[in-house]
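Chemist: What shape does this take:
(one chain, ligands or ions: 1)
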Amino acid sequence: MKKEIMSTEDFEPPSTGEEINASPCFEWPNENPKVIPILRVSNVPRFRCGLRTSSFRKKFFPDASFSEWNDWRWQLRNRIRDAHALSRLITLSADETEAITAKGQLPLAITPYYASLLDKDNPRQPIRRTVVPVTTEQIVSPGEAEDPLGEEHDTPVPGLVHRYPDRVLFLVTDFCSTYCRYCTRSRMVGNGKKEGFDVRRWERAIAYIESSPSVRDVLLSGGDPLTLSDESLEWLLSRLRRIPHVELIRIGTKVPVVLPQRIMPSLTRMLKKYHPLWMSIHVTHPDELTAETSQACERLADTGIPLGSQTVLLSGINDDVPTMKRLVQGLLKIRVKPYYLYQCDPILGSAHFRTPVEKGLEIIQGLRGHTTGYAVPTYVIDAPGGGGKIPLLPDYVAGRDGDDLLLRNYEGHIYRYPDSTGPVGREGCAPFLDRGATEDLRL
Ligand code: SF4
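Modeler: This next block holds a predicted model:
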């Protein structure tokens, strides 16, 4: 069994004397927390800290002990929320400063941990662009919409999207520890416009699921469900597990990437009680695959939770084959199966993030056959207007020649497959290389 390296500081932070609210509807955090919940667990293994993050902590948060830094609640309390706080850590461009101070947009929030990964001087650094606003966010382009996927239309009760026959999307919170500038749900996360996500809201959604026997799969999302307290999350999971027709529960989260300290043994012990539980982790760039994220995924995988990744294709951030290959291969190393590659949804102000669809196809073509099949995600467009996810593949069918199907392999060579079900077609059915005919047969 692998041993975790522990420092002498590797323990939970001391109590501050305040009590955690035991109500099932308690939801940590809110944007202005008045109560600081306490964890009482002690002697639990904590995270190894990457070198970059470690020196960042010492430089910018010299008063934070190693233990505090590794406490996810400390990370939440110390999120970077404005230009002044961020300019202490990185050199903001004039455009970034202007964008951060603009009103009426997705708020800024970055955990100190994730801030430690940002390039201090380069506003074009891929992961910096995903969390630091720029003024082009304020430009609305044709085809963009607040709710491009038409989720509101498929919402039978608040916070629940029922689009596909056998599964629902349960939006359990509007809070994220770090806000992604291209968030599909920027209309409802972090802006306090919606009514609070409280237990009454959850009860209505649960009642809907109870009364819908076709629903066998519930995806918890938001916002980020792993920012809820263990108590709130367990309350939800236990309620859902009591519904006989709910076979599967999934959690969509970016926490292992932006707040890996949240993946505590107390959390994984609790999650383990509610199998089958699957998790989709939102990962964007290989620079996010740090020692901390790797440990978080390791803990989740050791808990028996199958891990998949969801990645949004973003212009200038991850839209080239070498970057995506590093990402998907790195994910397999930390036991995460690349699951979906999403074409960026046309939310308001997203033009600077969106790529042509050819880019996505080119990336899939650059992965398929060139690396492990498990590393190749499914490239999808979530159809605007509520059509659901539609998979896209490069065209590997080169045409037909009589009964033969002509197929193009990953190197561009043409092969024949005898695509006939009759007795004649089954004769000599071994596919063969038709290199000589490549030019003639390409359609
Ligand atoms: S973590 Fe997900 S829900 Fe939260 S801001 Fe990012 S994309 Fe949106």
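Chemist: these two touch, right, residue 218 and residue 251?
Modeler: No: with the criterion set as CB atoms under 8 Å, residue 218 and residue 251 do not qualify as a contacting pair; they are 9.7 Å apart. The C-beta positions use only the backbone N, C-alpha and C, and glycine is treated the same way.
Chemist: This structure against the ligand: which residues are in contact?
Modeler: 176, 179-180, 183, 185, 189, 222-224, 254, 282 (CB under 6 Å from any ligand atom).
Chemist: of the residues you listed, closest to residue 153?
Modeler: Within the residues of the chain next to the ligand, the smallest distance to residue 153 is 14.5 Å, found for residue 185 (CB to CB).
Chemist: got a list of what that closest one touches?
Modeler: Contacts were defined as CB atoms under 8 Å, 6 or more residues apart in numbering; by that measure residue 185 touches 151, 171, 222-223.
Chemist: how far does stretch 358-376 sit from the chain's center?
Modeler: Between the centre of stretch 358-376 and the centre of its chain there are 19 Å (CA atoms, centre = their mean, to the nearest Å).
Chemist: So what does the closest residue to residue 287 other than its chain neighbours look like in phi/psi?
Modeler: The spatial neighbour of residue 287 that comes closest, neighbours along the chain excluded (CB to CB, 6 or more residues apart in numbering), is residue 127 at 5.2 Å. Backbone dihedrals for residue 127, given as degrees, to the nearest 10, come out at phi -70, psi -30.
Chemist: wait, residue 127 sits on residue 117?
Modeler: Yes: with contact defined as CB under 8 Å, residue 127 reaches residue 117; the gap is 5.9 Å.
Chemist: Looking at the two, which has the bigger crowd around it?
Modeler: Between residue 127 and residue 117, counting by other CB atoms under 10 Å, residue 117 is the more crowded of the two (23 against 19).
Chemist: doesn't residue 285 make contact with that one?
Modeler: No: if you go by CB under 8 Å, residue 117 and residue 285 don't touch, sitting 9.5 Å apart.
Chemist: intersection of neighbour lists for these two?
Modeler: Taking CB under 8 Å, 6+ apart as the contact criterion, the common neighbours of residue 117 and residue 285 are residue 127.
Chemist: can you pull the buried residues of the one helix or strand residue 266 maps to?
Modeler: Take DSSP states H and E as the rule and residue 266 turns out to sit in helix 265-271. Neighbour counts using 16 or more other CB atoms under 10 Å place 267-268, 270-271 of helix 265-271 among the buried residues.
Chemist: which one of the residues you listed is nearest the ligand?
Modeler: Proximity to the ligand was ranked across the buried residues of helix 265-271 by CB to the nearest ligand atom; first place goes to residue 267, at 17.4 Å.
Chemist: what about the closest residue to that closest one other than its chain neighbours, distance to residue 156?
Modeler: Beyond its immediate neighbours in the sequence, the residue positioned closest to residue 267 (CB to CB, 6+ apart) is residue 230, lying 5.7 Å away. As for residue 230, its distance to residue 156 is 29 Å (criterion: CB to CB, to the nearest Å).
Chemist: Export only the CA atoms of the helix holding residue 266, formatted as CSV.
Modeler: Presented in CSV, the C-alpha positions along helix 265-271 are these (Å, rounded to 0.1, in the frame of the first residue of the first chain):
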residue,chain,number,x,y,z
PRO,A,265,-10.6,10.9,4.3
SER,A,266,-13.8,11.9,6.1
LEU,A,267,-15.4,12.8,2.7
THR,A,268,-14.3,9.6,1.0
ARG,A,269,-15.4,7.5,3.9
MET,A,270,-18.8,9.1,3.6
LEU,A,271,-19.0,8.8,-0.2
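Chemist: Give me the helices and strands touching that helix, please.
Modeler: Packed against helix 265-271, as judged by 3 or more CB pairs under 8 Å, 6 or more residues apart in numbering; DSSP states H and E, are the following elements: helix 230-241, helix 291-302.
Chemist: and among those helices, the most buried is which?
Modeler: Looking across the helices and strands packed on helix 265-271 with neighbours counted as mean count of other CB atoms under 10 Å, the highest average goes to helix 291-302: a mean of 21.
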